[in-house]
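*Asks:* give me coordinates for this.
(chains A, B, C and D)
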There are 2 protein chains.
Amino acid sequence: MAVTPLEGGENASSGKADRRRLELAESAFKTLGELGYARSSLREIAQNSEFSHGVVHYYFSDKIDLITFCVRHYKTACSRRYDAVVDAATTVEELTEGFLATMGATLVEDTGLHRLWYDVRAQSMFEPSLRGDVLHVDRLLEQMTWRVLTRYAELAGRAPCVDAPTAYALVDGLFEQAVIAGSVDPATARANLTARVATTLPLLLTP
Amino acid sequence: MAVTPLEGGENASSGKADRRRLELAESAFKTLGELGYARSSLREIAQNSEFSHGVVHYYFSDKIDLITFCVRHYKTACSRRYDAVVDAATTVEELTEGFLATMGATLVEDTGLHRLWYDVRAQSMFEPSLRGDVLHVDRLLEQMTWRVLTRYAELAGRAPCVDAPTAYALVDGLFEQAVIAGSVDPATARANLTARVATTLPLLLTP
DNA sequence: CGTCGATCTTGACAACTGTCCAGAAAAGTC
DNA sequence: GACTTTTCTGGACAGTTGTCAAGATCGACG
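*Replies:* Got it, this is the predicted structure:
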């Protein structure tokens, strides 16, 4: 019996098994981004990979296990997307421009990821077993937003006038609306998003 | 053959049939608020009503038809919740206090409705047939937010510095975070929500 | 080459889903 | 009361789902 694959939950470095897990997650992610949480069946996910549907239960204990792994993996990477911009910017204008460009880019490029995220987050309201991972990712995104805002404030020589959870909720509200609107018209959604975030950012600093 | 019930889609006043529809929707709403869109089966919904599962297809053409009817009905009422406060308030303090109190109340009282709404809105990203109704409700909520904000600005003798879609997205971002957090700890979620909205509102006016 | 464990496939399982329909029940009409 | 129409029931249908397990396949090692 093979126990190793399922036991690697805590630290992620069993080597071969973890590579398979990632491979599976990659295929699952493709399906999940298109169909969403509820409509993605394990058979459909497996069909978009090079494996059969049974192998999922060899590397993941559960459907939820697979999906949370997916969300965690991709959204963790996602939460680092602005790091380069934050580090490189030396003026407010540079930071603003870089931030808005990156944000607009991920809106249209990683649409599937964002859809899946908002879907899973909504599901977590009904499915308690999702809440842990959702909370974890939410904190990552909050920190991401906060890194941008504090750097923005620093470069402007001012201070944020809202705390991290508030800043995140506000910006995320704009972003979610853009993801939803982007399902119909991505280009307009992107333009609106950047314009609205550009309007909002200055409001988050003390005068 | 009975054609009447299904044909009443456009104008809603066939009398008896519409009362049944509302009755069904009421039961459906109860189930939907607890289980969410995906996990609510028609049998489960019917079991929470006084009818059998077959009757749903007599008054609704579809599962989606029932759910969108539900969301539309309840969220339309919801979008009028602040009207009294807006009309009655004569000072900024009155409006703020009334608005925050009502908002906090609906957060904990109508939790099911808000959960269902965010769920359905997320599903609309994957299910195009939901988008029409979601867009419609979204506009209602945007107007609702805008009515509050313009009155707030008027009483303050200032002007809003963001447009209606931006204002709605920002406030809704705070509210959605509160609904999610409220799944774990409603009281704290409510306290945080009112505090954060109180911080945010003044930022939406020109200095 | 043969053995053994890890890995994967395939098919089966029981449960559940939305939808439809034949007929029971109820309501309305003369 | 006899009829027609509306309303409702309960079961059947075909499909899908997550899960599991028995066996095929593979690869490494002695």
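
*Asks:* per-residue confidence for the closest residue to DNA strand C within chain A?
*Replies:* Here chain A gets closest to DNA strand C at one residue, residue A:54, 2.4 Å apart by Cβ to the nearest atom of the strand. C-beta coordinates here come from the backbone N, C-alpha and C atoms, glycine included. pLDDT for residue A:54: 94.

*Asks:* and it, how many residues sit next to it?
*Replies:* Using other Cβ atoms under 10 Å in any protein chain shown, residue A:54 is surrounded by 10 other residues.

*Asks:* so it sits in a helix?
*Replies:* Yes: with DSSP: H, G, I helix; E, B strand; the rest coil as the criterion, residue A:54 is part of a helix.

*Asks:* distance of the residue nearest the centre of chain A from residue A:140?
*Replies:* Per Cα atoms, centre = their mean, the C-alpha nearest to the average position across chain A is that of residue A:75, at 3.3 Å. To residue A:140, residue A:75 is 7 Å away according to Cβ to Cβ, to the nearest Å.

*Asks:* could you double-check that residue A:183 sits in contact with residue B:134?
*Replies:* No: Residue A:183 is beyond contact range of residue B:134, at 9.8 Å (criterion: Cβ atoms under 8 Å).

*Asks:* what is in contact with these two at once?
*Replies:* residue B:124 (Cβ atoms under 8 Å, 6 or more residues apart in numbering or on different chains).

*Asks:* closest point of chain A to DNA strand D, which residue?
*Replies:* Closest point on chain A to DNA strand D, by Cβ to the nearest atom of the strand, is residue A:41, at 3.1 Å.

*Asks:* show me which residues of the lengthiest helix in chain A are buried.
*Replies:* The residue-count maximum for a helix in chain A (DSSP state H) belongs to helix A:131-156. Buried residues in helix A:131-156, counted by 16 or more other Cβ atoms under 10 Å in any protein chain shown: A:131, A:133-134, A:137-138, A:140-142, A:144-149, A:151-153, A:155-156.

*Asks:* and residue A:142, what does it touch?
*Replies:* A:164, A:165, A:167, A:168.

*Asks:* low-confidence stretches in chain A?
*Replies:* A:1-14 (pLDDT under 70).

*Asks:* which residues of it fall in helices?
*Replies:* Counting by DSSP H, the helices of chain A are A:4-7, A:16-39, A:42-47, A:56-59, A:63-78, A:83-88, A:92-109, A:111-123, A:131-156, A:164-182, A:186-200.

*Asks:* got a list of what residue A:126 touches?
*Replies:* By Cβ under 8 Å, 6+ apart, the contact list for residue A:126 reads B:34, B:35, B:36, B:39, B:115, B:119.

*Asks:* against residue B:70, how distant is it?
*Replies:* 16 Å.

*Asks:* residues in chain A within reach of DNA strand D, list them.
*Replies:* Residues of chain A found near DNA strand D (Cβ under 7 Å from any atom of the strand) are A:39, A:40, A:41, A:42, A:43, A:44, A:53, A:54, A:56, A:57, A:62, A:63.

*Asks:* of these, list those near chain B.
*Replies:* Applying Cβ under 8 Å from any Cβ of the partner chain, the subset of the residues of chain A next to DNA strand D adjacent to chain B comprises residue A:39.

*Asks:* could you work out the most separated pair of the residues of chain A next to DNA strand D?
*Replies:* Farthest-apart pair in the residues of chain A next to DNA strand D is A:39 and A:54; separation 20.7 Å (Cβ to Cβ).

*Asks:* ok, so what distance separates residue A:45 from chain B?
*Replies:* 15 Å (Cβ to the nearest Cβ, to the nearest Å).

*Asks:* number of residues surrounding that residue?
*Replies:* 25.

*Asks:* which residues sit against stretch A:147-158?
*Replies:* Residues outside stretch A:147-158 that contact it (Cβ under 8 Å, 6+ apart) are A:82-83, A:85-86, A:89-92, A:95-96, A:99, A:159-160, A:164, A:167, A:201, A:204-207.

*Asks:* whichever of those residues end up buried, select them in ChimeraX.
*Replies:* For the buried members of these, the matching ChimeraX selection, counting by 16+ other Cβ under 10 Å, is:
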select /A:82,85,86,89,92,95,96,99,160,164,167,201,204,205
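
*Asks:* restrict the contacts of stretch A:147-158 to those near chain B?
*Replies:* A:204, A:207.

*Asks:* from the contacts of residue A:142, which is closest to residue B:197?
*Replies:* residue A:165 (12.3 Å).

*Asks:* in contact with the closest one, which residues are there?
*Replies:* Counting by Cβ under 8 Å, 6+ apart, the residues that residue A:165 touches are A:142, B:177, B:192, B:196.
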